[in-house]
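Participant: Got a predicted model here, sequence first, then my questions.
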Amino acid sequence: MVYIPAGTFLMGSATDDPAVYDWERSHEQPQHEVYVDAYYLDAHEVTNLDFERKYPNKIRNLVSSPCDDCPVTNVPWLAAQAYCAAQGKRLPTEAEWEKAAKGGLPKWTPEPFGDYVWFAGNTIKQAQPVGTKKPNPYGLYDMLGNVREWTADWYGPEYYQQREGKNPKGPPDGQRRVERGGAFFLPDRGVTTTIRYNHPPHFELYFLGFRCAQDP
């Protein structure tokens with residue numbers, strides 16, 4: 001795991017950021033300052049082999065995530081949460097995920113992009129072994145590509161309007177959970193540190209995995 005120090009960061013996208021997917025921009029805004037306590041985060045996404053050691057009956061998706069060291073996919077939110085809990089860990093909050101993805105910088109855009117990110121421009125439309133691209137400034141791998149990742153938070157399209165400033169944990173309830181990061185089938189405009197996705201927690205998706213966080 002990688003230690004992420006306590007501190008503030010700017011969460012969300014600025015109004016003058018280049019457009020990503022126009023229809024999704026509003027729920028990334030307004031950009032606001034957030035303080036997050038220190039925590040640890042897995043250096044890479046949980047792999048097929050990691051998950052199958054705990055749950056040997058898991059049926060691997062051999063099309064989208066074929067290798068032992070590829071990130072595990074087709075895991076619903078509750079199963080991801082249970083896996084982390086079994087390790088004495090938990091899913092990261094959305095704020096923790098974004099702070100980690102930005103690598104301690106106000107804004108981080110990988111350059112050159114393909115050296116850091118598995119996306120539609122350099123894959124054969126399937127997940128790749130974790131840790132084979134360069135890490136971000138915190139030493140975390142695949143934060144922006146390979147597969148999207150579940151977070152702990154319920155999704156609220158207008159949640160950022162509340163501008164919660166310290167250890168935000170999302171709305172108290174909802175019907176969909178937040179997922180962050182990019183995925184192997186997405187173009188570069190769909191792979192940023194601020195873009196937000198969401199699905200019902202019972203969904204099992206071929207492009208969606210997770211990594212775990214832990215309190216100090």
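Facilitator: Yep, that arrived.

Participant: remind me, longest strand of the protein?
Facilitator: As assigned by DSSP state E, the longest strand anywhere in the chain is strand 148-154.

Participant: Adjacent strands (with direction) for that strand?
Facilitator: Here strand 148-154 is paired, per DSSP bridges, with strand 177-180 (antiparallel), strand 208-209 (parallel).

Participant: contacting residues around the longest one?
Facilitator: Which is strand 177-180. In this structure, residues lying in contact with strand 177-180 by C-beta atoms under 8 Å, 6 or more residues apart in numbering are 77, 94, 97-98, 101, 148-155, 170, 195-201, 208. C-betas here are computed from N, CA, C, even on glycine.

Participant: The last one too?
Facilitator: Residues from elsewhere that reach strand 208-209, judged by C-beta under 8 Å, 6+ apart: 45-46, 65, 71-75, 80, 127, 146-150, 179, 183, 199.

Participant: quick one: average pLDDT of it?
Facilitator: Per-residue pLDDT over strand 208-209 has a mean of 98.

Participant: hmm, back to that, inside helices: which ones of the contacts of strand 208-209?
Facilitator: Judged by DSSP state H, helices contain the following of the contacts of strand 208-209: A80.

Participant: so what's the residue of the chain positioned farthest from its centre scoring on pLDDT?
Facilitator: For the chain, the C-alpha farthest from the mean C-alpha position belongs to N57; by C-alpha atoms, centre = their mean, that distance is 25.2 Å. At N57, the pLDDT value in this model is 94.

Participant: Now it, what are its backbone angles?
Facilitator: The phi/psi pair for N57 (degrees, to the nearest 10) reads phi -90, psi 0.

Participant: just R189 next, same as before
Facilitator: phi -70, psi -10.

Participant: show me the contacts for the closest residue to R90 other than its chain neighbours.
Facilitator: Of all residues not flanking R90 in the chain, C84 sits nearest, at 5.2 Å (C-beta to C-beta, 6 or more residues apart in numbering). For C84, the contacting residues are R90, L91, F210, C212, A213, by C-beta under 8 Å, 6+ apart.

Participant: cool, A152 as well?
Facilitator: Going by C-beta under 8 Å, 6+ apart, A152 touches Q81, R90, L91, P92, T93, E94, K169, G170, R177.

Participant: Could you check stretch 118-137 and say which residues are buried?
Facilitator: By neighbour count on 16 or more other C-beta atoms under 10 Å, the buried set for stretch 118-137 is 118-120, 123, 126-131, 133, 135-136.

Participant: next one: that stretch to chain centre, how far?
Facilitator: For stretch 118-137, the distance from its own C-alpha centre to the chain's C-alpha centre is 14 Å (C-alpha atoms, centre = their mean, to the nearest Å).

Participant: again, but for stretch 189-198
Facilitator: Distance, stretch centre to chain centre, for stretch 189-198: 9 Å (C-alpha atoms, centre = their mean).
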